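In: With the input below, show me the fold.
(2 chains)
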2 protein chains.
Amino acid sequence: MLTNNLTNLLQIDYPIIQAPMAGGITTSALVAAVSNNGALGMIGAGYLSPTQLREQIREVKQLTANTFGVNLFVPSKFEVNDEDIEKATNLLYKFRSPLKIENENNTLPSMEKAVQAYNEQIQVIIEEKVPICSFTFGVPSIEIISQLKQDGIILIGTATTVVEAMAIEKLGMDAVVVQGSEAGGHRGNFISNHEDSLIGLMSLVPQVVDHVSIPVIAAGGIMDGRGLLASISLGAKAVQMGTAFLTCVESGAHPVHKEAILHAKDEDTTLTRAFSGKWARGIQNKFTIEMQEHEAEILMFPVQNSLTQTIRKASSSQNNKDFMSLWSGQSPTLAKNETVEALIQRVINHAERRTI
Amino acid sequence: MLTNNLTNLLQIDYPIIQAPMAGGITTSALVAAVSNNGALGMIGAGYLSPTQLREQIREVKQLTANTFGVNLFVPSKFEVNDEDIEKATNLLYKFRSPLKIENENNTLPSMEKAVQAYNEQIQVIIEEKVPICSFTFGVPSIEIISQLKQDGIILIGTATTVVEAMAIEKLGMDAVVVQGSEAGGHRGNFISNHEDSLIGLMSLVPQVVDHVSIPVIAAGGIMDGRGLLASISLGAKAVQMGTAFLTCVESGAHPVHKEAILHAKDEDTTLTRAFSGKWARGIQNKFTIEMQEHEAEILMFPVQNSLTQTIRKASSSQNNKDFMSLWSGQSPTLAKNETVEALIQRVINHAERRTI
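Out: Residues are numbered from 1 along each chain as shown, chains lettered A, B, ... in the order given. Presented below is the predicted three-dimensional model:
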C-alpha cells in the first residue's frame, strides 16, 4: 500500500515528498537527508538566482545519490506604479523604528528580470539533469513543458481546485500536488480566486481524484502517519509535508520560526498578504495583526515582498518574531524538533502498522 | 475496524451519524431510514417548538426501533436595537420586489422566549426518553448536563478547535463532533472566533484526538467510504455526514436545494452571515453575493434569521434558488440523489473492502 505508480515514477521508497519551502529553509542538508531516507527531497528555488540554484543542485548531488527535485515559481504579470509604492512604503514606515532600521535597501523587482531569471532556472535544471521539477503559482508554457519532457524530467504541478488540477493534467504534466486550505506558506491558486480555493483536503482530494487520472499528491496539515494513511484513503498516491520538515534539525528555518511553530496552538495561524502580496498561511504575529486593516494598500506579489524585505531581515537578525513571516500549516501542535530520519521513520512505522 | 467503543455506546452497526440539519431537512422518514440502516439518525430540532419536537420524536419512534438522537441549538445572548433593525430591514428591502413580497410578517425573536423554548425542549427529550442528545452553538449548563445524564441520555458536543473540544470533555459529555472548515451549514464555534476556527479536518482531527480522551466524530466534507476511512485513519471513531444525506430521496430539503448541490463544483460554496447572522457555508447565489459588501449591517443570530424569513420562504415557494439558503459542504461533486439505504451501503462496502 505504501508503494505505487507514483513512488515508482519518482524512484522513492516511501510516498512522502518534502515540500519545497522557499527562502532558505530547504538547505542541501535537509533535501539530501530526505532523499537519503527514502522520501523525496525538494529544493525550494523560488527566490534563488540561476547561479545559486546550480550551486545548490551540485551540493545536493554530492550529498545523495537518490532522486530529488526542484520547485520553481512561475512568474505572473505585475505592474509597479510609483504612487502605490509610495503609499505601501509609508504604511510600512512605522515598523522601522521598533527594528531600528535606518537605511532602506529594498530593490524593486522588474517583470523582465523575473522572466529572464525563470528561463535561466529552467536551463539550469536541464543542464544539471535534475530528475524532478515542480511548479507553483501557475503552470509553465507548452514550450517549456515539451523541452523538459524531452529531457526526461518528471513534471509536477500545484493545484488548489478541481479546475486547476484538470488544467495541469491537460498540459501533460505527470502528477499534481493538491494544496488544501490547511497548508502553510503561499497559496498556489492560479485559476480559481483566493476565497473559493480555500478547500479542506477531506473535500479536495477525492473530488480531484475523481476528475483527473494523473497521480494526486495531498498537501496541507499532514504531519504524521495518520495524515499519510488518511490521504491515501482519500485516493492520493503520496503526501507533501512542509511544516513537519520545517521544524526538523536539518531545516534552515530560523530558530525563532521553529520555536514559534513548536509553541503554537491549532487556531494560531492566519492567512495574510502582508509579507509578500500573495496570500499565505503562517503563525499570527504583530505584523499580520497590524496589517489586517490595511489589506487594500498591500501591493501585488512580488512587489510587496521586496518592500518588506528590510523589515523581515532586521526582525530575523534580531531574533524578533514580531515581523518575520512565520509560515505554518494548521497542525502546529503536531510539529516536533527531530531529525529527518526520525520523522520519516515515525511516519512510516505508524502507516505500516496500520496497513495490511 | 468499523465498530468501536463509540458505536457500542450509541448502539449502531456503522460509525456513521446523519448530521442534524435544521429547518425541515431531517424528516422523520430520513431519520428513521438512517437508524433502520445501521447508522444514527438525528432530528435537527434547532428551529422546532417543544410541541413540534415531541411530535417528531413520537413519529420517529413509530418508524424505527433503533436508537436515534436530537440536536439542540444552545441559545446565546443577543440584543435587539430598533435602529439596527431598521437599517438591516431597509437593506433587505430591495429583495422584496423580485420576489413580489408585499406584507412583511417577520416576528422578532426575544431572548426570554428562546431560553424558555430551549428549556422545554430539554424536558421533552427527558420525558420522551430520547437516547442521544447533541448540542451546537455552545454547551449546555452543568445543571442540564447532570439532569440529562441522570436519565442515561448520551451527550454529544460540537467543537471547531482543540480548546472547544477540551471544554466539552471537561463538562463530562460523552463524545465530541469536530466540525472542519469543509462543513456545510452553520459554524459551531463558541469559544474560538470565526476566522481562527476555520480548520480543515486533516489538521483538526488528529490535534483534537491528541488532546481529549472522549471519542471524536469527524464532520465536514465527508461523503463516501473514502472520507470514512480517512477520518478513522486520523483517529476519529465515527463520521457525521450532512450534505451526503441532504440530497437523499428521504430528505426534506427543497428540490431546488438538492439540485443546486448536485450541479455545484468544488469551489462554489461560500461562507456567509447574510441569512441568519451566524457564519454558515452554502452554495453561492445572488443573495450571498449581493450581501457580501454589507457584512457590517448584518445583525446577530437569530435576529437576522427572523428578518430574512419572508425572503427565504418566498424564494422557496417560487422555486427560486437566488434567495434561499443552499447549505452545502465543500464536496458537492460527490453528492448523489439516492436512497439512504443505497448511500449507507455504498459507504460501508467501500470501507469494508479496504480494511482488514
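In: Please make it C-alpha for all contacts and neighbour counts, starting now.
Out: OK.
In: In this structure A:Gly220 contacts A:Ala183, no?
Out: Yes - shown here, A:Gly220 and A:Ala183 form a contact pair, counting by C-alpha atoms under 8 Å, at 3.6 Å.
In: Flag every residue of the stretch 151-300 of chain A that's near chain B.
Out: A:161-162, A:180-182, A:192, A:196-197, A:199-204, A:206-207, A:220-222, A:226-227, A:229-235, A:266-270 (C-alpha under 8 Å from any C-alpha of the partner chain).
In: Among the residues you listed, which are located in helices?
Out: A:162, A:201-204, A:206-207, A:226-227, A:229-234 (DSSP state H).
In: Give me the distance between the residue lying closest to A:Phe190 once chain neighbours are set aside and chain B.
Out: In space, and not counting its chain neighbours, A:Phe190 is closest to A:Gly138: 5.2 Å by C-alpha to C-alpha, 6 or more residues apart in numbering or on different chains. Distance from A:Gly138 to chain B, counting by C-alpha to the nearest C-alpha, to the nearest Å: 18 Å.
In: number of nearby residues for A:Gly138?
Out: 20 (other C-alpha atoms under 10 Å in any protein chain shown).
In: Contact partners for it?
Out: A:73-76, A:157-158, A:188-190 (C-alpha atoms under 8 Å, 6 or more residues apart in numbering or on different chains).
In: In terms of distance to A:Gln318, which of those residues ranks first?
Out: Among the contacts of A:Gly138, A:Phe73 lies closest to A:Gln318 (C-alpha to C-alpha), at 28.8 Å.
In: Spit out the residues that contact A:Gly220 and A:Ala183 alike.
Out: A:329-330.
In: Low-confidence stretches in the stretch 251-356 of chain A?
Out: A:355-356 (pLDDT under 70).
In: An error on my part: the question was meant for chain A.
Out: A:1, A:105, A:355-356.
In: Show me what residue of it gets nearest to chain B.
Out: Nearest residue of chain A to chain B (C-alpha to the nearest C-alpha) works out as A:Ala230 at 3.9 Å.
In: Buried only: go through the ones in helices among the residues of the stretch 151-300 of chain A next to chain B for me.
Out: Neighbour-count burial (16 or more other C-alpha atoms under 10 Å in any protein chain shown) applied to these gives A:162, A:201-204, A:206-207, A:226-227, A:229-234.
In: ok, of those residues, which one's closest to B:Trp279?
Out: For these, the nearest to B:Trp279 is A:Ser203 (19.3 Å; C-alpha to C-alpha).
In: Show the contacting residues for that closest one.
Out: Contacts of A:Ser203 by C-alpha under 8 Å, 6+ apart are B:182, B:220-222, B:266, B:330-331.
In: give me that answer again for 7 Å
Out: Contacts for A:Ser203 (C-alpha atoms under 7 Å, 6 or more residues apart in numbering or on different chains) come out as B:182, B:221-222, B:330-331.
In: Same question for A:Glu338.
Out: Contacts here follow C-alpha under 7 Å, 6+ apart; on that basis A:Glu338 touches A:248-249.
In: mind checking the backbone torsions on A:Leu108?
Out: Dihedral pair for A:Leu108: phi -80, psi 140, per degrees, to the nearest 10.
In: next one: the one 3 residues further on
Out: Here the main-chain torsion angles of A:Met111 (degrees, to the nearest 10) amount to phi -60, psi -40.
In: got a list of what it touches?
Out: A:77-78.
In: how much space between it and A:Pro50?
Out: Distance, A:Met111 to A:Pro50, by C-alpha to C-alpha, to the nearest Å: 16 Å.
In: For the stretch 201-350 of chain A, which segments count as strands?
Out: Taking DSSP state E, counting those that start in this stretch as the criterion, the stretch 201-350 of chain A carries its strands at A:216-219, A:238-241, A:269-272, A:280-283.
In: Which of those sits closest to B:Asn337?
Out: Judging the strands of the stretch 201-350 of chain A by C-alpha to C-alpha, what sits closest to B:Asn337 is strand A:216-219, at 27.1 Å.
In: Can you list the strands that that closest one pairs with?
Out: Applying DSSP bridges, strand A:216-219 is found paired with strand A:175-179 (parallel), strand A:238-241 (parallel).
In: Pull the distance from that strand to the chain's centre.
Out: Offset of strand A:216-219 from its chain centre (C-alpha atoms, centre = their mean, to the nearest Å): 13 Å.
In: what's that strand in contact with?
Out: Counting by C-alpha under 7 Å, 6+ apart, A:175-180, A:183, A:205, A:209, A:231, A:236-241 sit against strand A:216-219.
In: how does it look with 8 Å?
Out: Under the criterion C-alpha under 8 Å, 6+ apart, residues A:175-180, A:183, A:201, A:205, A:208-209, A:231, A:235-241 lie in contact with strand A:216-219.
In: returning to what we had before: mind checking how far the residue nearest to A:Phe190 is from B:Met300?
Out: 40 Å.
In: Please apply the same query to A:Ser97.
Out: A:Ser97 sits at a distance of 41 Å from B:Met300 (criterion: C-alpha to C-alpha).
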